[in-house]
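[1] give me coordinates for this.
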Amino acid sequence: MRSPSDESALLLELRGLAERGRHRDLLSRLQALPADTLERRTVYALLAAEAHGRLGAHAEAERWALAALAIARGRGERHAELRAWTYQGAIALERGDVDAAQPHFAAALELARTLEDHAAQARCLNNLGIIANLGGDPGAALASYHLALAAYQQAGLVRGMAETQHNIGISRRALGDYRGALAAADEAVRLAERFGDEALSALALAGRAELHLVQGDVELAAVELGRAAATYERLQHPVGLAEVWRLEAGVARARGDSAGAAARLGRAAELARGQGSAHTLAEIERDLSAVLEAIGDVAGARAARERAVALYRGLGAAPAAAEIAALIK
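    Reported below is the predicted structural model:
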């Protein structure tokens, strides 16, 4: 049995790995622990759930989130129960099942308010903003994000502030507010670098690179995507890498290399199907359909559009699904 000081040192190490985005190293350390340690302590189960979820291993993430919920309830750990509910919602959302995600977030938000847990409220509001944005309502998404940002600031959580600024940039871009989107993306990069999480910095860089790409600054986008890709490759982070490859395909297409773009999107789709988010895969299939059509592969373009429509519908992204469905010939 570990002494209290040994366990405190271990938890400090594990949380440090999680905060720096070193999720594979975290899982390696957890797997070296005795099985009963993982299965009896909520904190270890929650760390396992988060690490698997960040790496796109949704089945394992859900298994550990359910285990954490059961342990927390058995031990009367309300705050741990709250985190488990939040993780279950996030996992369902990443998996592309918005109908399953919403009840988890609603339950978590109610419990967070009961416990006056500002950080948990912020996480729920941030995720509800993502759902609103997917549903085609970036204005409602921004309202949720700003509430989340205020709660994260009150709790002093820099990671959450960075993630929320990244999401604000996405919604402002959807509204055509490119100046506001770039300001939010710049703030996301600044906060991520201040926090020191490499994966978070790569996420923020990729978000800013997409803005550069949309506005026609292809070379700057390529530089920032190269930095993000190198980080994700070093961290063996498939979720982020699939998204970066999608955006690099956009760079290739902007340079007139449609064949190269199609090849990059094919690789990204293969990776995302195994360990990516459903939203990333939907965007990959959408982009792939356009590239395949451009190079004359009508059947391939149709198949990619049909896959994108199915994914967007599962995500509750009805406007995006309808827009792509209208292009199917």
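[2] from the contact counts, what lies against the lowest-mean-pLDDT helix or strand in the chain?
    None of the helices or strands of the chain scores lower by mean pLDDT, DSSP states H and E than helix 35-40, at a mean of 77. In this structure, helix 35-40 packs against helix 42-54, helix 58-75, with contacts taken as 3 or more C-beta pairs under 8 Å, 6 or more residues apart in numbering; DSSP states H and E. Heads up, the C-betas are built off the backbone N, CA and C, glycines and all.
[3] okay, the longest one in CSV with CA atoms only?
    Extracted as CSV, the C-alpha positions of helix 58-75 are listed here (Å, rounded to 0.1, in the frame of the first residue of the first chain):
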residue,chain,number,x,y,z
HIS,A,58,-14.0,6.7,-27.1
ALA,A,59,-15.0,3.2,-25.9
GLU,A,60,-12.2,3.1,-23.3
ALA,A,61,-13.0,6.7,-22.3
GLU,A,62,-16.6,5.8,-21.8
ARG,A,63,-15.8,2.7,-19.8
TRP,A,64,-13.6,4.7,-17.4
ALA,A,65,-16.1,7.5,-17.1
LEU,A,66,-18.8,5.0,-16.1
ALA,A,67,-16.4,3.4,-13.6
ALA,A,68,-15.7,6.8,-12.1
LEU,A,69,-19.4,7.6,-11.8
ALA,A,70,-20.0,4.3,-10.0
ILE,A,71,-17.1,4.8,-7.6
ALA,A,72,-18.0,8.4,-6.9
ARG,A,73,-21.6,7.5,-6.1
GLY,A,74,-20.5,4.7,-3.9
ARG,A,75,-18.2,7.0,-2.0
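[4] quick one, phi/psi of G76?
    Note on G76: its backbone torsions stand at phi 70, psi 30 [degrees, to the nearest 10].
[5] what count of nearby residues applies to it?
    Counted with other C-beta atoms under 10 Å, the neighbours of G76 add up to 8.
[6] quick revisit: run through who's touching the least confident helix or strand of the chain.
    30, 44-45, 48, 67, 71 (C-beta atoms under 8 Å, 6 or more residues apart in numbering).
[7] any stretches of this structure with poor pLDDT?
    The chain contains residues with pLDDT under 70 at 1-5.
[8] same thing but at 80, please
    Scanning the chain for pLDDT under 80 picks out 1-7, 20-21, 35-39, 276, 329.
[9] could you dump the contacts of helix 35-40 into a markdown table with distance to L205 and neighbour count added?
    Shown next, in a markdown table, are these (distance: C-beta to C-beta, whole Å; neighbours: other C-beta atoms under 10 Å):
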| residue | distance to L205 | neighbour count |
| --- | --- | --- |
| L30 | 28 | 20 |
| Y44 | 31 | 22 |
| A45 | 32 | 27 |
| A48 | 28 | 24 |
| A67 | 34 | 20 |
| I71 | 37 | 22 |
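[10] and the residues you listed, which is closest to G256?
    A48 (45.6 Å; C-beta to C-beta).
[11] and the nearest residue to the closest one once chain neighbours are set aside, how many neighbours?
    Excluding its sequence neighbours, the residue lying closest to A48 (C-beta to C-beta, 6 or more residues apart in numbering) is W64, at 4.1 Å. For W64, the count of nearby residues is 26 (other C-beta under 10 Å).
[12] does W64 touch A45 like I think?
    Yes: look at W64 against A45 with C-beta atoms under 8 Å: they come within range, at 5.2 Å.
[13] overlap of the contact sets of the two?
    Counting by C-beta under 8 Å, 6+ apart, nothing touches both W64 and A45.
[14] picking up where we left off before, mind checking which of the helices and strands packed on helix 35-40 is nearest V189?
    Closest among the helices and strands packed on helix 35-40, once you apply C-beta to C-beta, is helix 42-54, at 19.1 Å.
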